[in-house]
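Asks: Need the 3D shape of this:
(4 chains)
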Protein chains: 2
Amino acid sequence: MSTPERLIESTRELLWERGYVGTSPKAILERAGAGQGSMYHHFKGKPDLALAAIRRTAEELRATAAGVLDGPGTPYERIEAYLRRERDVLRGCPVGRLTMDPDVIASAELREPVDETLDWIRERLAGIVEEGKEQGQFGAELDGEEIAATILATVQGGYVLARASGSPGAFDAGVRGLLSLLSPRSPMSSR
Amino acid sequence: MSTPERLIESTRELLWERGYVGTSPKAILERAGAGQGSMYHHFKGKPDLALAAIRRTAEELRATAAGVLDGPGTPYERIEAYLRRERDVLRGCPVGRLTMDPDVIASAELREPVDETLDWIRERLAGIVEEGKEQGQFGAELDGEEIAATILATVQGGYVLARASGSPGAFDAGVRGLLSLLSPRSPMSSR
DNA sequence: GTCTATATGCGGATAGAC
DNA sequence: GTCTATCCGCATATAGAC
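Replies: Modelled structure (predicted):
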């Protein structure tokens, strides 16, 4: 792997583990096995390198989500697949955690890929919910955009609960609870 | 206000704004209008002061939540009151945000009040859901603990979505979505 | 491109005067 | 109790040699 590549990958790991404020150039260099000169040759500084890292992480998360959301199955099944997909729960969301970083939120450039990614997932979920409504799998009284926000928030908040307790249990409980609320009525019945 | 008081209050504010890693003793002292000596006279160091601040914030959040959850109304109404209570959404949750702080999670002592508080709210919510089931307001197929986790996760995740987008809209949307899913069936009807 | 040297200031804390 | 002085090392970056 090239030096810039190793720098970006090391930064991605550290941003996930420690956030932007908690990540120092020195730690990045040690992990990447590079010297100071390399980093400042390829990147303008910490914010510039972080931007490259965040963009890649955001891209990757979108791809992962798309893989599940575009999969086979009914709308409910695809949402279930999204909620139950394998996750390293205690590590948290590599994108969502950045929203708690004051320096990320303060920078329009750093915040943009975060916002865009979560928004993209939300829109995809909203479309699937609307699809489910058309098929009668979800009640007509539900609002796709709202339910999408609920689904994504449950995931993001699930990470918070899990990390607080030091165990993934609360994440899984939240997901099961949401799935029970979303559980499709039998075909042709109405509320 | 006494000097230790001012130190604790300043620390609480900074922990909320910038997290543990992003908060320096120097910043605390400036905000509190105190000198280095005062801080190290009253507290053993940054972790000790942070512990006092976190405990107080946790206590305060429990009290606020209790005020709403113990209020009047049906179980659904109390949950709605909890979800819709006034919040400074873009600031995030002063307790939940600490779960993204690596140094807080790494310290059993600092993590404890965070864990305890979120767990306490979860248990209270679970009890209210069970109450609602007994009264036929919620379906018997729902699990109190799971729904409680979903509710709390929706709130915690709502903060994430709102901060990502720079606007409270997504928080509110997630709450409305959840309320529509929880919406009680008319009395005496069954699923 | 990568390395080592160097720089300024902050993070976190101790010592001891008042 | 509070202040100032002082400490060591890290955070972040620049300069210039190889």
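Asks: How many residues are close by the closest residue to A:Gly35 other than its chain neighbours?
Replies: Distance criterion Cβ to Cβ, 6 or more residues apart in numbering or on different chains; nearest residue to A:Gly35, sequence neighbours excluded, is A:Leu29 at 6.6 Å. From N, CA and C alone the C-beta is placed, and that goes for glycine too. By other Cβ atoms under 10 Å in any protein chain shown, the residues close to A:Leu29 number 18.
Asks: what about the helix or strand in which A:Leu29 is found, near DNA strand C?
Replies: Using DSSP states H and E, A:Leu29 sits within helix A:25-32. No - using Cβ under 7 Å from any atom of the strand, helix A:25-32 never reaches DNA strand C; the gap is at least 7.9 Å.
Asks: That helix packs against which elements?
Replies: helix A:3-18, helix A:36-42, helix A:46-69 (3 or more Cβ pairs under 8 Å, 6 or more residues apart in numbering or on different chains; DSSP states H and E).
Asks: re earlier: wait, the residue nearest to A:Gly35 sits on A:Gln36?
Replies: Yes - with contact defined as Cβ atoms under 8 Å, A:Leu29 reaches A:Gln36; the gap is 6.4 Å.
Asks: which residues of chain A score low on pLDDT?
Replies: A:185-191 (pLDDT under 70).
Asks: Which other helices and strands does the longest helix seen in it contact?
Replies: The longest helix of chain A (DSSP state H) is helix A:108-134. Counting contacts by 3+ Cβ pairs under 8 Å, 6+ apart, helix A:108-134 packs against helix A:46-69, helix A:75-84, helix A:102-106, helix A:144-165, helix B:144-165.
Asks: okay, those helices in CSV with distance to B:Glu134 and mean neighbour count next?
Replies: Converted to CSV, those look like this (distance: least, Cβ to Cβ, whole Å; neighbours: other Cβ atoms under 10 Å in any protein chain shown):
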stretch, distance to B:Glu134, mean neighbour count
helix A:46-69, 37, 18
helix A:75-84, 28, 19
helix A:102-106, 43, 17
helix A:144-165, 25, 27
helix B:144-165, 10, 27
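Asks: SS state for A:Arg87?
Replies: Classification of A:Arg87 using DSSP: H, G, I helix; E, B strand; the rest coil returns coil.
Asks: Just give the nearest non-adjacent residue to it, would you?
Replies: A:Phe171 (7.7 Å).
Asks: what number of residues lie near the one you found?
Replies: Residues near A:Phe171, counting by other Cβ under 10 Å: 25.
Asks: and it, what are its phi and psi?
Replies: Note on A:Phe171: its backbone torsions stand at phi -60, psi -50 [degrees, to the nearest 10].
Asks: right, and it touches A:Ser165 too?
Replies: No - if you go by Cβ under 8 Å, A:Phe171 and A:Ser165 don't touch, sitting 9.4 Å apart.
Asks: shared neighbours of the two, anything?
Replies: Residues touching both A:Phe171 and A:Ser165 (Cβ atoms under 8 Å, 6 or more residues apart in numbering or on different chains): none.
Asks: For chain A, what lies in contact range of DNA strand C?
Replies: A:2-4, A:34-38, A:40-42.
Asks: OK, contacts around A:Ile28?
Replies: A:7, A:10-11, A:14, A:39, A:49.
Asks: who wins for neighbours among those?
Replies: A:Thr11 (28 neighbours).
Asks: Excluding covalently adjacent residues, which one is nearest to that residue?
Replies: Per Cβ to Cβ, 6+ apart, closest to A:Thr11 is A:Ala53, 3.9 Å.
Asks: Can you give me the distance of that neighbour to chain B?
Replies: 17 Å (Cβ to the nearest Cβ, to the nearest Å).
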